[in-house]
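In: got a structure for you, letters missing:
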């Protein structure tokens, strides 16, 4: 069964792909055992290059910018702010295989909050890079801590890794959970239990 792909575009035209990048992908196709000149593969190098540019667009942004606009009129609210079940996709830096999962991000505000969609944008900004899950978890938490200066931050990520399910041990249905807690969530056992329970862990 064949599939039709819409042409990846920038503005009104195709994203230009340098010839050396396309040739590198042709080399990989040949090394895998196929012929990059056959009909079904002639446009693949450019498509793969554009796809990887999209997968890794996090390198072109600073996730901290998403937390630059805050709201101070919070009516005295100082309890947990939690966004959970945030879907994301990344790629592992060891095999460049997909990491697919979900995240829960929480913080204890001081005198300001941020638009809730911005928490997801921070996650995606770091996820759209070559990653390991441990570093992704730490980067998201540190970004929120640095920019919002809350009383506490908690980030939990649960994901499956194709480098384990599709190659190597080829073990399906396994997920990895990582967490980073900071501030009050780290110092106070009851606060930590409360936020993890709200997250479902």
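Out: Now that the structure is in, tell me what you want to look at. Quick caveat: nothing in here was measured; it's all calculated off a predicted structure.
In: contact partners for residue 196?
Out: By C-beta atoms under 8 Å, 6 or more residues apart in numbering, the contact list for residue 196 reads 154, 156, 179. Where you see a C-beta, it was placed from the backbone N, CA and C, and this is true even at glycine.
In: that one: which element?
Out: In this assignment (DSSP states H and E), residue 196 forms part of helix 189-199.
In: got JSON lines for the contacts of residue 196, with secondary structure and pLDDT too?
Out: What follows is those, written out as JSON lines (DSSP: H, G, I helix; E, B strand; the rest coil; pLDDT from 0 to 100):
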{"residue": "154", "secondary structure": "strand", "pLDDT": "98"}
{"residue": "156", "secondary structure": "strand", "pLDDT": "98"}
{"residue": "179", "secondary structure": "strand", "pLDDT": "98"}
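In: among the residues you listed, who's most crowded?
Out: residue 154 (29 neighbours; other C-beta atoms under 10 Å).
In: show me what that one bridges to in the sheet.
Out: Assessed by DSSP bridges, residue 154 has beta-bridge partners residue 106, residue 181.
In: I'd say it and residue 201 touch.
Out: No - if you go by C-beta atoms under 8 Å, residue 154 and residue 201 don't touch, sitting 9.7 Å apart.
In: overlap in contacts, those two.
Out: Shared contacts of residue 154 and residue 201 (C-beta under 8 Å, 6+ apart): 104, 179.
In: coming back round to it: mind listing what's buried in the helix holding residue 196?
Out: Judged by neighbour count (16 or more other C-beta atoms under 10 Å), helix 189-199 contains these buried residues: 191-192, 194-196, 199.
In: format those as a markdown table; extra columns: pLDDT.
Out: What follows is the buried residues of helix 189-199, written out as a markdown table (pLDDT from 0 to 100):
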| residue | pLDDT |
| --- | --- |
| 191 | 96 |
| 192 | 96 |
| 194 | 97 |
| 195 | 97 |
| 196 | 97 |
| 199 | 97 |
